[in-house]
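>>> Return atomic coordinates for the entry below.
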Amino acid sequence: MADFREDLRDAGYIEGQNVVIEAQWAEGQYDRLPMLAAEPVHRPAAVIVAGSLPSVFAAKAETSTIPIVFISAGDPVQLGIVASLNRPGGNITGVNFFAVEVASKRLELLIELVPTVTVIGLLTNPNNPRTDVEIGQLQAAAPAVGKQLLVVKASAERDFDVAFETLVQERASAVLVPAEPLFFGWREQLVALAARHALPAMYDVREFTAAGGLLSYGLSLKGAYRLVAGQVARILKGAKPADLPILQPTKFELVVNLRTAKTLGLTIPESFLLRADEVIE
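As a prediction, this is how the structure comes out:
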């Protein structure tokens with residue numbers, strides 16, 4: 001949010017002077033999203049920023065006229081959010097970081113770091129519309145490299161302990177934690193659970209690794225919100241969402257936490273560290 005505000009300022013929109021920013025949080029409770037989405041529609045807001053895939057659908061259901069700018073981890077065309085990436089049509093545009101599409105790359109990097117793993121856990125939120133797509137992709141990719149994928153579900157913070165206990169009981173020896181707003185909001189707890197059960201874990205953004213996670217591979221979340229701010233500024237200046245192409249980050253970050261690796265008894269190959277964009281010591 002700080003980067004979002006900074007980039008809006010750079011575009012000439014200063015909070016408290018010529019723009020008001022009102023942030024609302026569902027705190028992982030997706031059933032609250034329709035109510036939260038209805039509020040800026042009734043005011044009405046000049047632009048609605050949807051910070052997750054579930055919130056995109058909630059906002060889309062409330063308005064077909066107020067511009068919506070999203071940041072999402074699912075293919076917006078495949079999910080029926082926009083008509084195309086180049087010309088979205090309608091009232092929606094945004095930033096898509098294709099987290100599902102790089103899920104196989106995360107699996108590959110995790111296996112490279114922990115090659116002896118046979119069963120890999122996948123923590124999922126069944127309430128996210130893109131979950132089934134990501135599960136399908138990884139279920140196809142894991143057997144191809146001689147691994148078994150174990151899917152566990154968590155749709156609220158209270159489910160995390162049971163999910164990790166299931167992973168251990170089913171002999172998973174590593175875990176993938178995909179892009180998911182609920183998981184991001186509780187990242188410190190998830191990192192602590194992975195440490196408690198001695199499970200090497202791969203995450204989607206560096207914020208998990210900075211909190212003590214083993215490694216992450218994905219876009220810069222700060223960079224993505226800067227792109228969102230640019231889209232919002234264009235709309236405030238008169239551009240139509242239908243004419244603004246969906247933006248896609250071009251840089252993905254590999255971040256490794258050496259302290260966590262040492263705690264887990266893992267030796268990170270020098271070649272792996274040389275490829276990392278950041279090494280946390």
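>>> any chance you could read off phi and psi for V152?
phi -120, psi 150 (degrees, to the nearest 10).
>>> Tell me who's in contact with it.
121-124, 163-164, 166-167 (Cβ atoms under 8 Å, 6 or more residues apart in numbering). Heads up, the C-betas are built off the backbone N, CA and C, glycines and all.
>>> Drop anything exposed from those.
121-124, 163-164, 167 (16 or more other Cβ atoms under 10 Å).
>>> Could I have the CA atoms of the lowest-mean-pLDDT helix or strand in the chain written out in CSV?
Scoring the helices and strands of the chain by mean pLDDT, DSSP states H and E places helix 131-144 at the bottom, with a mean of 89. Extracted in CSV, the C-alpha atoms of helix 131-144 (Å, rounded to 0.1, in the frame of the first residue of the first chain):
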residue,chain,number,x,y,z
THR,A,131,-7.4,-23.5,-6.8
ASP,A,132,-8.6,-26.4,-9.0
VAL,A,133,-6.5,-25.1,-11.9
GLU,A,134,-3.4,-25.0,-9.8
ILE,A,135,-4.0,-28.4,-8.3
GLY,A,136,-4.6,-29.9,-11.8
GLN,A,137,-1.3,-28.4,-13.1
LEU,A,138,0.8,-29.7,-10.2
GLN,A,139,-0.9,-33.1,-10.2
ALA,A,140,0.2,-33.5,-13.8
ALA,A,141,3.7,-32.1,-13.1
ALA,A,142,4.6,-34.1,-9.9
PRO,A,143,4.4,-37.7,-11.3
ALA,A,144,6.4,-36.6,-14.4
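>>> name the helices or strands packed onto it?
Contact here means 3 or more Cβ pairs under 8 Å, 6 or more residues apart in numbering; DSSP states H and E; on that basis helix 131-144 packs against helix 103-113, strand 119-124, strand 148-153.
>>> Buried deepest among those, which one?
strand 119-124 (a mean of 23; mean count of other Cβ atoms under 10 Å).
>>> Other residues contacting that strand?
So strand 119-124 is contacted by 107, 110-111, 131, 134-135, 138, 142, 147-154, 163, 167, 170-178, 180, 183, 190, 199 (Cβ under 8 Å, 6+ apart).
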